[in-house]
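In: Predicted model and sequence below, questions to follow.
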Amino acid sequence: MSKPTLQRRPLVKKILAGADDNLLVIAGLGSSNWDITEAGDRPLNMPLWGAMGGTVPMGLGLALAQPTKRVLVITGDADLMMVVSALATVAAQAPDNLAICVLDNEKFGETGNQASHTSPRNNGPTDSGAGTDLAMIARGCGIADTGTVRDEADVAQLVKDLRTKKGPVFRLVKVMVEKLEFVMPPQDGAHLKDRFRQALLGHP
Amino acid sequence: MSATATPEWRDQIFEVLQDHDVKQVYHVPDAGHGRLIEACQKSNSIRTLALTTEEEGIPLAAGAWLGGQRSVLLMQSSGVGNTINLLGLTKTLRFPFLTLITMRGEPGEFNSWQYPMGQGTPKVLEAMGALVMSVDKPEDVKTTVDHAARSAFNGGQAVAVLLRQKLIGIKTFGKK
């Protein structure tokens, strides 16, 4: 398979374009956090600075609590791999308002771009992964609507699916390895939680 | 165990959870919590989620709270070890968190594999900043769980209630 060509920052900007009070966004630690923040920090973003493995379950708990809002989880391949079985819990609950977008750069980006398990095999002794296919895992966990996006031509449909299609929707997006500026949201977790609840519920 | 011998404290826990408007209940399969889990599954006002690992329960509870709902995580002492890093979320986000833990690996335990995490459970919870409460008499269950729920949902604390093995009964696997 050819190297990924999609760039994560412009992609995430398109995914979040025109976000209104009906869109609740949870982003996993590291690059996904910086990505949604560059697209525009907003109270209804919950960017995580830690809690690796917890992004998808947090989106599920929120989606069940707010069935009339769209909940979008944006995270990386390694964050999902850490508690990948959470996809089975999503499938069991089948929330129709939840979409999961995994930005898969096939690397552990925050720690020096070591090959992650989703990297292809046979990339040499220091850069080989297992060729793990997260879309196939999501399907195997019982999420019926899964897909993989690699090309710019499919981005418009990707955005539409993530924002409006009946969930649970799972999309794996292969993205380039890039060195990007850190664009950081507030770090205080209690503040992030309180501003989110204030915007959503009218009280912290 | 016959139906008539089943202690009613499990039903009282269900009532307390309803009184506190708990909407999401997370669990892994557990004999100790079994009767409570079934009551939650039958309830129209509670969403019951079977987890693949207890670790899911902490961020689920955080997500539910972000969305304005209260939740509880039911687990066994062996599962507490699976939650440690994500328990930190209760400190960083400062959200109300309630967990009810059926204890194994306490004096009288038959299975040696249950001792390490059973004995480590209160220390691990305290190390991660949870308020740890404990109950070993059926008549104390309702008040203890109610106080725990108040500390969590009104006081904003992370609270764990240990349902001691003395309360639940010692698992024997048919041996005397």
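Out: That came through fine.

In: and A:P10, how far is that from chain B?
Out: Distance, A:P10 to chain B, by C-beta to the nearest C-beta, to the nearest Å: 28 Å. Any C-beta I mention is one placed from the backbone N, CA and C, and that applies to glycine too.

In: Flag every buried residue along the helix or strand hosting that residue.
Out: Element membership for A:P10, per DSSP states H and E: helix A:8-16. Of all the residues in helix A:8-16, those buried under the rule 16 or more other C-beta atoms under 10 Å in any protein chain shown are A:8-9, A:11-12, A:15-16.

In: quick check, nearest of those residues to A:D161?
Out: A:I15 (10.1 Å; C-beta to C-beta).

In: Please tell me the pLDDT value assigned to the closest one.
Out: With respect to pLDDT, A:I15 has a value of 98.

In: Hmm, it is touching A:K160, no?
Out: No. Counting by C-beta atoms under 8 Å, A:I15 does not reach A:K160; the two are 10.1 Å apart.

In: what's in contact with the helix holding A:P10?
Out: Residues from elsewhere that reach helix A:8-16, judged by C-beta atoms under 8 Å, 6 or more residues apart in numbering or on different chains: A:23, A:25, A:31-32, A:35-36, A:38-40, A:72, A:74, A:101, A:103, A:105, A:155, A:158-159, A:162-163, A:173, A:175-176, A:178, A:180.

In: 7 Å instead?
Out: A:25, A:31, A:35-36, A:38-40, A:74, A:101, A:103, A:155, A:159, A:162, A:173, A:175, A:180 (C-beta atoms under 7 Å, 6 or more residues apart in numbering or on different chains).

In: Nearest the middle, which residue of chain B would you pick?
Out: The geometric centre of chain B, computed from its C-alpha atoms, lies nearest to B:L100 (C-alpha atoms, centre = their mean), at 1.6 Å.

In: Which helix or which strand is home to it?
Out: strand B:97-102.

In: Show me what that strand is packed up against.
Out: Contact partners of strand B:97-102 among helices and strands, from 3 or more C-beta pairs under 7 Å, 6 or more residues apart in numbering or on different chains; DSSP states H and E: strand B:70-76, helix B:141-149, strand B:158-163.

In: In three-state terms, label the nearest residue to B:S71 once chain neighbours are set aside for me.
Out: In space, and not counting its chain neighbours, B:S71 is closest to B:Q24: 3.9 Å by C-beta to C-beta, 6 or more residues apart in numbering or on different chains. Recorded secondary structure, B:Q24: strand (DSSP: H, G, I helix; E, B strand; the rest coil).
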